[in-house]
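Visitor: Here is my input; please provide its structure:
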Amino acid sequence: MSFGPPPSIYTESAQSADRTRARRRGRLLGGAAALMAAAALVAGAMALWPAAGAGDDAEATATVKQAPDEVRETHEPAPASPEGELAVQHNEGDLPAGTRYGPGLWATDKLAIRGVANRLEGYRVASGQDDTAWSLKLDGHICAVSRDMTADHRTAVVIQPPHPGAAAGKGICDQVVFVDLDTGKKLWQRKMPGADFAYVTNTDLALTKGVVAIAWGHGSVAYDMASGQKLWNTSTGACQDQGYAGGRALLALVKCGQSTDAAYRVQRLDARTGKPRWTYQVSKGVQGVYLPSADPPVLAVEAGGIDVTDLIALDGTDGRRRATISMSGYEPLCGSTGFSGSFFGAVDKCPGLVVGRDRLYVMSKESDEIDEPANRVVAFDVQKGTTAGKFEGRPFQNVVPLRADGDGLILYRRSMDDVQPAAVVAWNSRTDREVPYLFFHLPEDDEGALSDPEQGQIVYEHGHVFFAAREMERDAKRPKSPVLSVLGVGSAGLKH
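Guide: Numbers count the residues shown, from 1 in each chain. A predicted model of the protein is given here:
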C-alpha cells in the first residue's frame, strides 16, 4: 500500500510516551509478585459485589429514537450478569512481511465489523467462534474511516484504488464507498473531484444526518447518503478544510496559510449546502487543532508545541467560547491513531477523550508511583470548564474512557494479572456511582496492545466490548500463524 508523501519523523513527544510506558511495564513486573496475595483477596471480594444496573437510577436514560440516516446513538443498560464470555474472535492469516493495517472497527447487536487492508468483513457475535457473516473486497486499500455509523447501520470509507499513467504509485485516495454494515452490500461508490493530493496522511471523513463529508487539505466534497449525489465541494484556495467532526452536527476545521504561519478557524456548517452557520477564529500561534466533538462543539488545540495544551468548548448556537480547560497533566491522545503517522483520518480522533452532551471525560497522565492509581478519568462540565468528578484506576490498572451513555460514561479498566480481571464499568459523575458491566481476561500475549488506546481500538456496543489491533504483523518465528484481528466479550448471563 502506498501512503503518498512520507510521514513526519518520530517526534520527541512520542519517544517520551514510549519511555513512560516502558517504565510502567518494568515496575509492573517488579511489583506484581509483591501484590499477588492482595490481588487474591480482591478477587474474592469481587464475588460479593452488589447486584446493580442502570435501571436502578431514577434518571435512567430512555431508549434513543432516531431517523435511519442520523448518526447512531444508543443507550446501554447493565447486562444480566457481569461475568464475561467470549462472543467473537477473528484471526488474520496470510500476513505479508510488512504491516497489515486495520483502521476500522464498528459493532451492531449482531456483528463486529472490521476494515482491514482492502476489505470490510462482518463477524457474527455470540458464537465465540471465527464466524464470518460477509466479506466485501474494495477496489483499493482503506485510506480514511469514520468511527460512526447511521442508526440503520451504514457507514463510509475512503479508498485508494490503483491509478494508471502518471498517477500510478502515488497513493491517491480519491474514491468513497458507502456500505450497509448489516449485509456487506456496497450501496454506492463515487470518485472525489479534484482529489489528486488526497492521501492516507491527510484525508478525513465524517458522517452527519443524511450526509457523508470528506476533506483532504486541498479540497473537500459532501454526498447525499441516500443517492450518492454530490451536494457541494471546494477546490484549492488560500483557506482549505482540513477535516470534519460529525454526529449531530458537522464541524469543519479550516486552515489558512502554511507551516508556522498557518491560522485556523472552526466552522459549523449546514451539511446540505456547506455554508457556514458560524465561525470561531482560533488564536494565533496555535500549532494544531483537533475536533473531538461537533455537538457540543469542542476543540483540542496545540498552543506552542506538538501536544494538546487546552480544550475549548464553544456554544453550539453561535460559536462563542464557553470554557477553556487546561490539559496539563492529561492525555487526550488527539491524533494518536496508533499508526506510524496521522493515517486514516485523525482530525476527530482523540482516544483518551470522550465528549457527552454536558460532560467531557479525559484520561490523566500515568503515575510513576507503584502504590498509586495508574491513572484516572476526570469529568469536566462542558459549559463551565470546571471539574465534575474523577474515576480512579488502580495500581497498574489504567482506565480508558470509551463512550458517553446518557448522563454517564462507559469506561474500560485494564487487568493487572491472572487474578484481577479487566472490566467495563458504567460511571455517573454526578452521583459518583459505578456499575460493573463486564469482568473478563484478554489473551496474555495480546492484552498490552489491545488495552492501549494508542495501539488498539476499543468499542462497547449492545452489551459487548470489542478489541481490535490497529496494526498486525506476523510472528517472525511462526510467519504462517494467524494473528488476532478482533476479539469481543459479552455477558455470560444467568446460565447455570
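Visitor: And the strands in the stretch 101-250 of the chain?
Guide: Secondary structure of the stretch 101-250 of the chain (DSSP state E, counting those that start in this stretch): strands located at 104-107, 111-116, 119-124, 132-137, 141-145, 154-160, 175-180, 185-191, 204-208, 211-215, 220-224, 230-234, 239-245, 250-256.
Visitor: Let me have the ones you listed in TSV, extended by distance to Ala263 and mean pLDDT.
Guide: The C-beta positions use only the backbone N, C-alpha and C, and glycine is treated the same way. Formatted as TSV, the entries for the strands of the stretch 101-250 of the chain read as follows, by distance: least, C-beta to C-beta, whole Å; pLDDT from 0 to 100:
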stretch	distance to Ala263	mean pLDDT
strand 104-107	33	96
strand 111-116	34	96
strand 119-124	38	96
strand 132-137	41	96
strand 141-145	25	94
strand 154-160	27	97
strand 175-180	29	98
strand 185-191	31	98
strand 204-208	19	97
strand 211-215	17	97
strand 220-224	18	97
strand 230-234	17	95
strand 239-245	9	94
strand 250-256	5	95
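Visitor: Would you format the ones you listed as a markdown table with mean neighbour count and distance to Leu86 included?
Guide: Formatted as a markdown table, the strands of the stretch 101-250 of the chain follow (neighbours: other C-beta atoms under 10 Å; distance: least, C-beta to C-beta, whole Å):
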| stretch | mean neighbour count | distance to Leu86 |
| --- | --- | --- |
| strand 104-107 | 24 | 15 |
| strand 111-116 | 25 | 12 |
| strand 119-124 | 22 | 12 |
| strand 132-137 | 15 | 16 |
| strand 141-145 | 27 | 25 |
| strand 154-160 | 24 | 25 |
| strand 175-180 | 22 | 27 |
| strand 185-191 | 15 | 28 |
| strand 204-208 | 29 | 30 |
| strand 211-215 | 28 | 34 |
| strand 220-224 | 24 | 38 |
| strand 230-234 | 17 | 43 |
| strand 239-245 | 24 | 34 |
| strand 250-256 | 23 | 38 |
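Visitor: Show me the shaky parts of this structure.
Guide: Low-confidence segments of the chain, defined by pLDDT under 70, are located at 1-63, 166, 336-341, 495-496.
Visitor: Point to the residue nearest the middle of it.
Guide: Centre of the chain computed as the mean C-alpha position; nearest residue by C-alpha atoms, centre = their mean is Pro351, 5.1 Å away.
Visitor: Kindly tell me how buried the nearest residue to it once chain neighbours are set aside is, as a neighbour count.
Guide: Residue nearest to Pro351 in three dimensions, not counting chain neighbours: Pro453, with 3.8 Å by C-beta to C-beta, 6 or more residues apart in numbering. Neighbour count for Pro453, taken as other C-beta atoms under 10 Å: 24.
Visitor: name the element Pro453 belongs to?
Guide: Taking DSSP states H and E as the criterion, no element holds Pro453; it sits outside all helices and strands.
Visitor: Quick one: the helices in the protein, in order.
Guide: 12-46, 444-451 (DSSP state H).
Visitor: separation between the nearest residue to Gln383 once chain neighbours are set aside and Ile172?
Guide: Of all residues beyond its chain neighbours, the one nearest Gln383 is Arg322 (5.4 Å), with distances taken as C-beta to C-beta, 6+ apart. Applying C-beta to C-beta, to the nearest Å, one obtains 40 Å for the distance of Arg322 from Ile172.
Visitor: same thing with Thr260?
Guide: When distance is defined by C-beta to C-beta, Thr260 is 28 Å away from Ile172.
Visitor: Check Thr279 too.
Guide: As defined by C-beta to C-beta, Thr279 lies at a distance of 31 Å from Ile172.
Visitor: For the two, work out which one has more neighbours and name it.
Guide: Neighbours of Thr279 and Ile172, each counted by other C-beta under 10 Å, are more numerous for Ile172; the result is 25 against 12.
Visitor: How about the contacts made by Arg320?
Guide: Shown here is Arg320, whose contacts under the criterion C-beta atoms under 8 Å, 6 or more residues apart in numbering are 280, 314.
Visitor: same thing but at 7 Å, please
Guide: Arg320 makes contact with Leu314 under the criterion C-beta atoms under 7 Å, 6 or more residues apart in numbering.
Visitor: For Thr208, see how far away the nearest residue to Ala213 once chain neighbours are set aside is.
Guide: Spatial nearest neighbour of Ala213, excluding adjacent residues (C-beta to C-beta, 6+ apart): Ala222 at 4.4 Å. Taking C-beta to C-beta as the criterion, Ala222 is separated from Thr208 by 9 Å.
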